[in-house]
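> Turn this into a model:
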Amino acid sequence: MDKQNIQEVYECNVKTVYKYLFCLTHNADLTEELTQETFYQATKSIDQFRGECKISVWLCQIAKRLWYKELERKKYKEIPLSEITDEIRSFENIERDYVLNVEKVELFRILHNLDMTTREVMYLRLTGELSFADIGNIMGKTETWARVTFYRGKQKLTKGREEWNND
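Model prediction:
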């Protein structure tokens, strides 16, 4: 692949990769760093791309591996809630409008208590603006699995909100 094609791949996919990584890291500086590293690694291994999925999904898979390496390197256990609330993106569709009605602190407290897989699906869908098909591909699962996991996550958010309001 020549430089012009690589530049086109970058321009078409950089926002998707950035949003995906931000969903994982909740840190703009680290997200920027990992986004650049993702495209560097992709450029080095572009010949290995077989075209079995969209290139954005392939790039997000590279990004996810880099994030996991970063977690191992820094031995992160959990992401502090305070880092998340500072950089939350505004939501645009109906699913996100529901979440906006819940106070940020309450929302992140509830999200923080979800299991890691459900939390990742929720972040990818809500802040990463990824389709269920893309989420399924990234997670190595089906689109239906992503939909069901997201639906169950929304149910847990509702239940958590009711419990919080009763306290």
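
> Now for Lys15, how many residues are close by?
Lys15 is flanked by 12 other residues according to other CB atoms under 10 Å. No exception for glycine: its C-beta is placed from N, CA and C like everyone else's.

> meant to ask about Asn5
Neighbour tally, Asn5, other CB under 10 Å: 10.

> Tyr40 now?
Tyr40 is flanked by 12 other residues according to other CB under 10 Å.

> and it, what element?
For Tyr40, the host element (DSSP states H and E) is helix 28-44.

> What of Asn5?
With DSSP H and E as criterion, Asn5 is part of helix 3-25.

> Can you tell me how far Tyr18 is from Lys154?
Noted for Tyr18: a distance of 25 Å to Lys154, by CB to CB, to the nearest Å.

> now do Phe132
Shown here: Phe132 relative to Lys154, a distance of 13 Å by CB to CB.

> Check Tyr40 too.
Tyr40 is 36 Å from Lys154, by CB to CB.

> So what would you say the end-to-end distance of stretch 19-30 is?
Stretch 19-30 has its terminal residues 12 Å apart, counting by CA to CA, to the nearest Å.

> picking up where we left off before, ok, and for the helix holding Tyr40, which residues are buried?
30-31, 34-35, 37-39, 42 (16 or more other CB atoms under 10 Å).

> pLDDT added to those residues, as JSON lines?
What follows is those, written out as JSON lines (pLDDT from 0 to 100):
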{"residue": "Leu30", "pLDDT": "90"}
{"residue": "Thr31", "pLDDT": "90"}
{"residue": "Leu34", "pLDDT": "93"}
{"residue": "Thr35", "pLDDT": "92"}
{"residue": "Glu37", "pLDDT": "93"}
{"residue": "Thr38", "pLDDT": "92"}
{"residue": "Phe39", "pLDDT": "91"}
{"residue": "Ala42", "pLDDT": "88"}
